[in-house]
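Visitor: I would like to see how this sequence folds:
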Amino acid sequence: MAVPSYTTDLIDIDLGEAGGKTWAEPTAAGWTLGATPSVDAENFIQGSGSISKAFNATGVGGMMVNNTAGITLPADGAFFGWFYWASPSTLETDVNGGLRFMVGSSLAAFLSWDVGGRTSYVYGGWINYVINTTVTPDDVVSTGLGNSQYVGMAFYNTDAITKGSPGLCDAFRYGRGEARFANGSDADGYATFNGFSAVNDANSYRWGLIQSVNGSYLVKGLVVFGYGAAVDFRDSNKAIFIQNTNKVTSNFNTFEVRNASSRVDLTSITITALGTVSKGRWITTDNAIQNITNCVFTDMGVFGYASNSTLLGTTFRRCGLVTQNSAVLTGCTFDSTADATKALLSNNPTLITGCKFVSAGTKHAVEINTSGEYNLVGNTFTGYATTHGSSGNEVIYNNSGSHVVLNASSNIGVVSYRNGSGATTSVVSSITLTLSGLKDGSDISILNAGTETERINVQQNSGTTYNYNYASAGESIDIGIFKTGYVPLYVRGYILGAANGSLPISQVIDRAYLE
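Guide: Here you go, the predicted structure:
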């Protein structure tokens, strides 16, 4: 691979520079307060200029740029724009539309979305807001959206400001909002969040996709690991916050892994969603290597992995459904899922070991969608139903439509289950009976007591012990042990206990055989 590549799909509408496209006030009544917009070469976030507006008035005043051609957003895309208001306390509240994003066909026909106000814009500063025009607007002026040729912003001011130009905007763009990662290697350096933010935050760009903020990162849009070429991404010990984007589609904020030759390693990374409209999902489009170690995901959306994904010590707290799809999950925690039914959708429970599942009082820990026999080892289940049934809070929801056998061992908490349509479930206890003192090379036969139904037949046992995992406490079995040169040993009607046990075996030499 080559050195890491950091790019985007965003298309400039206007960057607020002198000689750029034409900005003007809306002509619709009720949107015209404040002065005529003009280029400001002193207060800007990108490049060397912004568009500012004096506001010696109370009420709503806006400014819009003519793109000169209609704009079509891609699916789940957005318009991006930088907003600034110098007096946060004079803005109207969020719910009353203190800050508004406008898109329309003319200065007199547009839609408007309330994106902020003094409720959230407490400390001011430049903020990059986004809207998707399929989201229901808060205001419709005349014929509304039209061809999306005009884009801009409006402020709802509650106290006339006599000095300066408090309202500014800068760098309006549109697109899917992709933060594209490619390339990277041990020799050339791995792709990292910091690598992208260094480009994103450069004065000539300021995309607003992955911003470095006080030692953490503010992220929005579609983060693509492996765009156009494989990526070797490895990062650790980072705090990431998904921006509260309240006027976009639910899939707008997404992390996506592409290209089967990619590698994505996250170690001790925390990702927290700040909003509820687009909480951020993780999807695996191509089965690349993923190593997710000691990470914490909080209040996010759904996660999807694949067979080359390995998750170790990772926590999903109040997140949406996690789909295993043959991923290996070891020592992970699933705390109070936000999914309607279950925390984890599993096609292979054998690959889930040492994990902790915490119920908030409803929903299953694991839904199994593939029939078969699996080991379920070393997991902890807290707050779930302790009896089999259909309460919706059982540990296991067998929704495979067929039979599932779970060989459960070393788990904490009852492995209760619920059966979906056509499904049946058997939970086989892992309590172990150890036959100790065996002669090496012994043959072992274990049958249901008083029958000829053989449960176990071991030829030429290796070692001096044999461990037998049985179905449940209270079962009775017959044991036969045979070895050339020794008297056959029979133990009849042995009752299995409720905990791991040991049965000492003493094999006697057959002297008649020796003679």
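Visitor: residues of the longest helix along the chain that come out buried?
Guide: For the chain, the helix that runs over the most residues, judged by DSSP state H, is helix 193-200. Of the residues in helix 193-200, 193, 195-197, 199-200 count as buried by neighbour count, 16 or more other Cβ atoms under 10 Å. Glycine gets a C-beta too; all of them are placed from N, C-alpha and C.
Visitor: Could you do stretch 477-492 as well?
Guide: Of the residues in stretch 477-492, those with enough neighbours to count as buried (16+ other Cβ under 10 Å) are 477-481, 483, 489.
Visitor: Next: stretch 321-328.
Guide: Within stretch 321-328, the residues that count as buried by 16+ other Cβ under 10 Å are 321-325, 327-328.
Visitor: Can you pull out the low-pLDDT segments for the stretch 351-500 of the chain?
Guide: Counting by pLDDT under 70, the ranges of the stretch 351-500 of the chain that qualify are 429-431, 469-474, 498-499.
Visitor: change it to 80
Guide: Low-confidence segments of the stretch 351-500 of the chain, defined by pLDDT under 80, are located at 429-432, 455, 467-475, 496-500.
Visitor: How about the stretch 1-150 of the chain?
Guide: 1.
Visitor: Break down it into its strands, ranges please.
Guide: For the stretch 1-150 of the chain, applying DSSP state E, counting those that start in this stretch gives strands covering 5-8, 11-14, 23-24, 38-40, 50-53, 59-66, 78-85, 99-106, 109-116, 127-131, 139-141, 150-157.
Visitor: Of all these, which one is nearest residue 255?
Guide: Nearest to residue 255 among those is strand 5-8 (15.2 Å), distances taken as Cβ to Cβ.
Visitor: What is the closest one packed up against?
Guide: If contacts are counted by 3 or more Cβ pairs under 8 Å, 6 or more residues apart in numbering; DSSP states H and E, strand 5-8 sits against strand 178-182, helix 193-200.
Visitor: could you dump these to CSV with mean pLDDT and distance to residue 74?
Guide: CSV is the format used below for these (pLDDT from 0 to 100; distance: least, Cβ to Cβ, whole Å):
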stretch, mean pLDDT, distance to residue 74
strand 178-182, 98, 9
helix 193-200, 98, 20
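Visitor: of all the ones you listed, which lies closest to residue 20?
Guide: With Cβ to Cβ as the criterion, residue 20 lies closest to helix 193-200 of the helices and strands packed on strand 5-8, at 21.4 Å.
Visitor: Figure out which of the helices and strands packed on strand 5-8 is closest to residue 412.
Guide: Nearest to residue 412 among those is helix 193-200 (36.1 Å), distances taken as Cβ to Cβ.
Visitor: what are the pairing partners of the helix or strand following that closest one, and which direction each?
Guide: Moving toward the C-terminus from helix 193-200, the next helix or strand (DSSP states H and E) is strand 210-213. If you go by DSSP bridges, strand 210-213 pairs up with strand 216-219 (antiparallel).
Visitor: could you give me the average pLDDT of the strand it pairs with?
Guide: Along strand 216-219, the predicted local confidence has a mean pLDDT of 98.
Visitor: CA atoms only for that strand - export them in PDB, please.
Guide: Extracted C-alpha coordinates of strand 216-219, given in PDB (Å, rounded to 0.1, in the frame of the first residue of the first chain):
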ATOM      1  CA  SER A 216     -11.400  14.200  21.000                       C
ATOM      2  CA  TYR A 217     -13.100  14.000  17.600                       C
ATOM      3  CA  LEU A 218     -16.500  15.300  16.500                       C
ATOM      4  CA  VAL A 219     -17.700  13.000  13.700                       C
END
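Visitor: Kindly reformat the helices and strands packed on strand 5-8 as JSON lines containing distance to residue 307.
Guide: Output for those, formatted as JSON lines (distance: least, Cβ to Cβ, whole Å):
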{"stretch": "strand 178-182", "distance to residue 307": "22"}
{"stretch": "helix 193-200", "distance to residue 307": "26"}
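Visitor: returning to that earlier point: for the buried residues of stretch 321-328, give me CSV that also has distance to residue 128, secondary structure and pLDDT.
Guide: Compiled in CSV, the buried residues of stretch 321-328 are given as follows (distance: Cβ to Cβ, whole Å; DSSP: H, G, I helix; E, B strand; the rest coil; pLDDT from 0 to 100):
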residue, distance to residue 128, secondary structure, pLDDT
321, 30, coil, 98
322, 30, strand, 98
323, 31, strand, 98
324, 35, coil, 98
325, 34, coil, 97
327, 34, coil, 98
328, 38, strand, 98
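Visitor: and of the residues you listed, the nearest to residue 293?
Guide: Of all the buried residues of stretch 321-328, residue 328 has the smallest distance to residue 293: 11.7 Å, by Cβ to Cβ.
Visitor: Any figure for the gap between the closest one and residue 292?
Guide: The spacing between residue 328 and residue 292, counted by Cβ to Cβ, to the nearest Å, is 10 Å.
Visitor: where do the contact lists of the two overlap?
Guide: Common contacts of residue 328 and residue 292, defined by Cβ atoms under 8 Å, 6 or more residues apart in numbering, comprise 309-311.
Visitor: In contact with residue 269, which residues?
Guide: For residue 269, the residues meeting the contact criterion (Cβ under 8 Å, 6+ apart) are 235-238, 240, 295-296.
Visitor: Mind checking the pLDDT average for the host helix or strand of it?
Guide: Remark: residue 269 resides in strand 263-273, with elements defined by DSSP H and E. For strand 263-273, mean pLDDT rounds to 98.
Visitor: And the next helix or strand past it?
Guide: Elements were assigned by DSSP H and E; along the chain past strand 263-273, the next helix or strand is strand 281-284.
Visitor: Which is the succeeding secondary structure element to that next one?
Guide: For strand 281-284, the succeeding helix or strand toward the C-terminus, using DSSP H and E, is strand 289-293.
Visitor: Alpha carbons of that next one, as CSV, please.
Guide: As requested, the backbone C-alpha atoms of strand 289-293 are provided in CSV (Å, rounded to 0.1, in the frame of the first residue of the first chain):
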residue,chain,number,x,y,z
ILE,A,289,-10.0,-8.0,8.9
GLN,A,290,-11.4,-6.2,11.9
ASN,A,291,-9.8,-6.2,15.3
ILE,A,292,-12.0,-4.4,17.8
THR,A,293,-10.3,-4.5,21.2
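Visitor: Okay, domains of the protein per the record?
Guide: Under automatic domain parsing, the residue ranges defining each domain of the chain are 7-175, 233-252+260-428, 432-514.
Visitor: Just the terminal-to-terminal distance for stretch 212-221.
Guide: 15 Å (Cα to Cα, to the nearest Å).
Visitor: now it, how far from the chain's geometric center?
Guide: The gap between the average C-alpha position of stretch 212-221 and the chain average comes to 17 Å, counting by Cα atoms, centre = their mean, to the nearest Å.
Visitor: Give the partner strands of the host helix or strand of residue 490 in its sheet and their orientations.
Guide: Counting by DSSP H and E, the element that carries residue 490 is strand 489-495. With DSSP bridges as the test, strand 489-495 is paired with strand 476-482 (antiparallel).
Visitor: Grab the nearest non-local neighbour of residue 140.
Guide: residue 111 (5.8 Å; Cβ to Cβ, 6 or more residues apart in numbering).
Visitor: wait, isn't that neighbour in contact with residue 145?
Guide: Yes: the pair residue 111 and residue 145 passes the contact test of Cβ atoms under 8 Å, sitting 5.1 Å apart.
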